[in-house]
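> Sequence first, predicted coordinates after that:
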Amino acid sequence: MTQTATEPQHQTFPPPADLAAGAVATADLYEEAATDRLAFWGRQANELLTWDTAPTQVLDWSDAPFAKWFADGKLNAAANCVDRHVAAGNGNRVAFHWVGEPGDTVTVTYADLHAQVQRAANALSDLGVRTGDRVAIYLPMIPEAVVAMLACARLGAPHSVVFSGFSAQALRDRVDDAQAVAVITADGGYRRGEPAPLKPAVDAALETKDGVESTVKAVLVVQRTKGEVAWTQGRDHWWHEALAAAAPTHEPVSVEAEHPLFVLYTSGSTGKPKGILHTTGGYLTQAAYTHRNVFDLHPETDVYWCGADIGWVTGHTYIVYGPLLNGATSVMYEGTPNTPTQDRWWQIVETYGVTKLYTAPTTIRTFMKWGEELVSGHDLSSLKVLGSVGEPINPEAWTWYRRVIGGDRTPVVDTWWQTETGGIMISALPGVTTLKPGSAQVPLPGISVEVVDDEGRVLPAGHEGAGYLVLTEPWPGMLRGIWGDDERYRDTYWSRFRDQGWYFAGDGARRDADGDVWLLGRVDDVMNVSGHRISTTEVESALVSHSSVAEAAVVGASDPTTGQGIVAFVILRESAHGADPASIGQELRNHVAREISPIAKPRQVFVVSELPKTRSGKIMRRLLRDVAEDRQVGDVTTLADSSVMASIQAGMSAGK
Ligand code: WT7
């Protein structure tokens, strides 16, 4: 009997004795890190990575907030992920059990990866890609996505992976911002039982726009669906042909620890996505360290599965770099969880004997909705640790995850981090921590976190309190900046608590009397829909780019499955007055999906005649959120026209 109380948020779960006895991380880690934080990170870097030149320096913070970690060390990321495991005699170990949505499978060993990554690096190099050049990757969840990332890393050419669900315009914006010289894509991928073309979006993205040519000189195309594709001679090359023609061996480029490894775009509180820059030595140290300790990874026996997409940071750190650095065997799945049936995931867990599973609360809540029966027919007894990421996990979802998926046996670790942090920052350790459903709990050893009030005062220990989450010390996997925009980097993360020199995460948090951290969601204009970060301004810009829309305001309203849902309020142009609200709503939803991505599609669109604004013209989203969440509307006294809310509500109830 491990439960100590009845309500989910008050139950606690100590580590299972057998897991604790064999755990890679023990309580000593906290002590070691607390004694000498930098020495602790120095040890992690030297033990977890193989360096061409071992670093003697740990942190250089003299140019804060621009950090340098392990600056005098040299290494190659791909060699660390692949070559050293082959050299150690583990070439036959499976790196990926890949499962295609239609049911095809591929087993990729470390030796297979070694062979393919070398050829791909040579192929890129034959196409003119040089160390330092950026390469965009726009691929579905196929093994070539991993090979492509590692081939770039092998050359020291930073990759910029763009989620394959993003639109042509979103791809173009990211290619332009990073000035990418090449794109690696596929003819298409499988999604919900159908082949979904990708290449047309690349073709559209790379067209000359307003007289401006794209920086891309070469496009490598993986053949996945074998659908027909348009072809630009001289620019487009089949991946399989290029790899076959390339030399089979490639010497990895030894780069400095601070050499850029990748740029990954994420939404901020303005319309323009930020290119988050990560470099090599520090990022890899944190990827390997967190993956090993948070998932209690035993590479010889574990089968690990992270259900994210490589287009997000979770895929970068916990499908590619973390697991491969640790020599893990992973499952990689191409498709959606309900294709062909809603128990697809549990078939996969059973077939491959998955031991560690990492997914998002929104997925867990979807499984809850589909029902326990879909799970109970499968033997999931191989599972040992379950992870959650991307948004706060409500205690009900947490306890369901542990009981139904984890057989009332496995720890569930709720991991808080961000694209910017590179790797997990706050999480329980499964062999050490007594778990509290719904709380991300404690910073990992080596990580320094506080919850502070508006004035930057640390909330007193031993008392309940809520405020902002800040990171008070630099960490190895931290972003090194925003691509091409140092000022935005300082402004976004380092100006809110400039005097203290703290990193402002943008999240609200509560600390309980035991000191455990509970995340409360974003405090800026960033929404979290199914664990995806979307800015209100980005969706508003997409809406006003439609010829019928004069003005738009967007809010994230709480949603039982997706965490938040996007609710849009639009004022139509004169020319569109009289249009049927239902059909215009549908048209605008599709318009946003086309402009940004289906993930950014508003749940609801309300046509209104006015928007609530302050006297200085700022839209008061707080009030719109009240409406969207069906609550009594809050204080309207700062509105320029206090009758606006009443007219919005009257219009909405008329439309219901
Ligand atoms: C934002 C970062 C971390 C990889 C996936 C998302 C929210 C993330 C948690 C969690 C509560 C969480 C935060 C954060 N978030 N993990 N365990 N509990 N909130 O990465 O797209 O950069 O988004 O996701 O609001 O700031 P991202």
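It's in. Residues are numbered from 1 along each chain as shown.

> How is the residue of the stretch 51-200 of the chain found nearest the ligand assigned, secondary-structure-wise?
Using Cβ to the nearest ligand atom, the single residue of the stretch 51-200 of the chain nearest to the ligand is Phe163, 10.7 Å away. The C-beta positions use only the backbone N, C-alpha and C, and glycine is treated the same way. The three-state assignment at Phe163 reads coil, by DSSP: H, G, I helix; E, B strand; the rest coil.

> Chain neighbours aside, what residue packs nearest to it?
Gly311 (2.8 Å; Cβ to Cβ, 6 or more residues apart in numbering).

> ditto for Glu391
Once flanking residues are discounted, Glu391 sits nearest to Gly563: 4.5 Å by Cβ to Cβ, 6+ apart.

> do Gly531 as well
Gly390 (2.8 Å).

> For Leu124, identify the helix or strand it belongs to.
helix 110-126 (DSSP states H and E).

> Please state the offset of that helix from the chain centre?
26 Å (Cα atoms, centre = their mean, to the nearest Å).

> buried residues in that helix?
110-125 (16 or more other Cβ atoms under 10 Å).

> Which of those residues sits closest to Ser535?
Leu124 (32.4 Å; Cβ to Cβ).

> That closest one contacts His159, correct?
No - using Cβ atoms under 8 Å, Leu124 is not in contact with His159; the gap is 10.4 Å.

> Overlap of the contact sets of the two?
Counting by Cβ atoms under 8 Å, 6 or more residues apart in numbering, the shared contacts of Leu124 and His159 are Val135, Cys152.

> Spell out which parts of the stretch 501-650 of the chain neighbour the ligand.
Ala505, Gly506, Asp507, Leu519, Arg522, Asn528, Gly531, Arg533 (Cβ under 6 Å from any ligand atom).

> The residues you listed in strands, which ones?
Ala505, Gly506, Asp507, Leu519, Arg522, Asn528, Arg533 (DSSP state E).

> Format the residues you listed as CSV; extra columns: pLDDT.
Compiled in CSV, those are given as follows (pLDDT from 0 to 100):
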residue, pLDDT
Ala505, 97
Gly506, 95
Asp507, 96
Leu519, 95
Arg522, 90
Asn528, 93
Arg533, 89
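
> Restrict those to the buried ones and give me that as a ChimeraX selection.
Provided next is the ChimeraX selection string for whichever of those are buried by 16+ other Cβ under 10 Å:
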select :505,506,507,519,522,528,533
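
> Confirm Phe569 sits in a strand?
Yes - membership of Phe569 in a strand is supported by three-state DSSP.

> Out of the ones in strands among the residues of the stretch 501-650 of the chain next to the ligand, which comes closest to Lys274?
Scanning these for proximity to Lys274, where the rule is Cβ to Cβ, the winner is Arg533, at 10.4 Å.

> Bridged to that closest one, which residues?
Note on Arg533: beta-bridge partners by DSSP bridges are Asn528.

> wait, it sits on Thr266?
Yes - in this structure, Arg533 is within contact of Thr266 by Cβ under 8 Å, at 5.7 Å.

> what is in contact with the two at once?
Thr419.

> which regions of the stretch 351-500 of the chain lie under the pLDDT threshold?
Across the stretch 351-500 of the chain, nothing is flagged by pLDDT under 70.

> give the contact list for Ala54.
Here Ala54 is in contact with Asn46, Gly73 (Cβ under 8 Å, 6+ apart).

> Which positions in the stretch 101-250 of the chain make contact with the ligand?
Checking the stretch 101-250 of the chain against the ligand by Cβ under 6 Å from any ligand atom, there are no hits.

> can you tell me which residues contact the nearest residue to Gly307 once chain neighbours are set aside?
Spatial nearest neighbour of Gly307, chain neighbours left out: Thr359 (4.3 Å); criterion: Cβ to Cβ, 6+ apart. Applying Cβ under 8 Å, 6+ apart to Thr359 gives the contacts Cys306, Gly307, Ala308, Gly387, Ser388, Val389.
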